[in-house]
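Novice: Fold the stuff below for me.
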Amino acid sequence: MSEQIYNKHDFQSIVENLQEKVRNTCYRYVNNIEDADDIAQEVFIQVYESMSHFREEAQLSTWVYRIAVNKSLDFLRMKKRKKRFAILASIFKPGDDEGVIEIPTTHNPQKELEAKERKQILDDAIGKLPENQITAITLSKYEGFSNKEIASIMDISLSAVEALIHRSKKNLHKELYNYFDKIL
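Specialist: Here you go, the predicted structure:
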């Protein structure tokens, strides 16, 4: 397979077939379209540069998704480091942090706001999970991969994937229960 993907036409075919799914996978981690686009672009740059290292032990798409997950997690780690540094910097140099208000474009702003709030609550709860649980639940529930495919992408056993998904659901349930218990 690696011999076949060296030409531009084959690489273009890989990008066309996987681009949207890779972008969606990245988005599930970073919750920002522009960042997801940037990460997806980095994924395909790495795919192009690393094609000679592709082992045919796994499917090409699995290899690409593994790169997407790793790039997304790297982005989140970097973002956390920058956030910590920004907090320290703001202590020594306070700035003007005015936010921009977005105007809803739908006909029912109330429903859009409620849906956005629910999504944010769920995203926050998912963000509190350990990285491996975030990866497993994201690939399973958002991207629709089977447990076997997730095991291949994460390079772990099928039983480990099942355990991760079970623990992530249990932790999400507990986190969401605690959240709603506090506000109700």
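Novice: Now do the same contact list for the residue nearest the centre of the chain.
Specialist: The chain has Tyr29 as the residue nearest its centroid, 2.3 Å off, counting by CA atoms, centre = their mean. Contact partners of Tyr29, counting by CB atoms under 8 Å, 6 or more residues apart in numbering, are Ala36, Val69, Ser72, Leu73, Phe75, Leu76, Ile134, Thr138. C-beta coordinates here come from the backbone N, C-alpha and C atoms, glycine included.
Novice: And Ile33, by the same measure?
Specialist: Tyr27.
Novice: Regarding Leu113, which helix or strand does it belong to?
Specialist: With secondary structure defined by DSSP states H and E, Leu113 is part of helix 109-127.
Novice: and that helix, what does it pack onto?
Specialist: Applying 3 or more CB pairs under 8 Å, 6 or more residues apart in numbering; DSSP states H and E, we find helix 109-127 packed against helix 131-137, helix 158-183.
Novice: Next, the buried residues of the longest one.
Specialist: Judged by neighbour count (16 or more other CB atoms under 10 Å), helix 158-183 contains these buried residues: Ala160, Val161, Leu164, Ile165, Arg167, Ser168, Asn171, Leu172, Glu175.
Novice: wait, which of the helices and strands packed on helix 109-127 is closest to Arg55?
Specialist: helix 158-183 (19.7 Å; CB to CB).
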